[in-house]
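structure, please.
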Amino acid sequence: MTKVQFGLSNLYVAERVDTEGTITYKTPVKVNGAKSLSLEQQGDSEVFYADNIAYFTSSISSGYEGDLEIADLPKNFLTDFLGFAVAETTGNLVETNKIGKSFAILFQVETDSKPRKFIIYNCSCSKVKQEHKTVEDKKEVSTTTLTIKSAAEVVGDVNVFKSIAEHGNSNYDTFFTTAPTLPTFAD
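Below you'll find the model as predicted:
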């Protein structure tokens, strides 16, 4: 039984493809340099009071939102998921008003027993924060922080947000090398 988790590694993204309402994902592509990932579940809860007690409670999950801090963003991530374009005449990367593609983010977290592998479905990037400083007595590495938002994938009558693969699951060994599939559920 796992008692603690730590570390972040093996960050991948898999492009989300919507073909006339059928959602699939492409084979994951590795993104090097992940420093931290902080995601918070979004949603709301309601409490209905009657008979002087909390008579009925309900909660709604609407996905995740948080920040990914990374050493540097590769060119293909900028063009595919952040809407950058490559200028034809100069080859420069140009930030545009194009909307980036949606994706799944896959990553690994170490534990005191076996690593866990996570996938967060239906993500998009918004704000990018970069900070650059002059070199003083020592070099400080600058990082890029992205705000990531995820929404549900609808599978039948179930909203799916995240999946966790643990050692021994049938997809554990191929988690980062095959296109993610949405889970299915017994009726």
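
only C-alpha atoms from now on, for both contacts and neighbour counts.
Will do.

and stretch 77-88, what's buried?
Along stretch 77-88, these residues count as buried under the neighbour rule (16 or more other CA atoms under 10 Å): 77-85.

helices - which of those residues land there?
When DSSP state H defines the helices, the subset of these inside them is 77-81.

follow-up on the earlier one: now the buried residues of stretch 77-88 in CSV, with pLDDT and distance to T19?
Converted to CSV, the buried residues of stretch 77-88 look like this (pLDDT from 0 to 100; distance: CA to CA, whole Å):
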residue, pLDDT, distance to T19
F77, 91, 22
L78, 91, 23
T79, 91, 21
D80, 91, 18
F81, 92, 18
L82, 90, 21
G83, 89, 20
F84, 91, 23
A85, 93, 24
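
wait, which of the residues you listed is closest to V154?
Within those, distances to V154 taken as CA to CA reach their minimum at F81, with 21.7 Å.

which residue sits farthest out from the middle of this protein?
With distances taken as CA atoms, centre = their mean, the residue sitting farthest from the centre of the chain turns out to be D51, at 42.8 Å.

quick one: the helices in this protein?
Secondary structure of the chain, counting by DSSP H: helices at 75-81.

in it, which helix or strand is least confident?
strand 53-70 (a mean of 83; mean pLDDT, DSSP states H and E).

residues contacting that strand, please?
32-49, 143-152, 161 (CA atoms under 8 Å, 6 or more residues apart in numbering).

buried subset of these, written for ChimeraX?
Only the buried members of those enter the following ChimeraX selection, criterion being 16+ other CA under 10 Å:
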select :33,34,35,37,39,143,144,145,146,147,148,149,150,151,152,161
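
where does pLDDT dip in this protein?
Judged against pLDDT under 70, the low-scoring parts of the chain cover residues 59, 187.

so which residues of it form strands?
Secondary structure of the chain (DSSP state E): strands at 5-19, 22-25, 29-30, 34-50, 53-70, 85-86, 93-94, 103-111, 116-130, 144-150, 153-155, 158-160, 162-165.

what's the closest of those strands to T181?
In this view, these are compared for proximity to T181 by CA to CA, and strand 22-25 is the closest at 6.7 Å.
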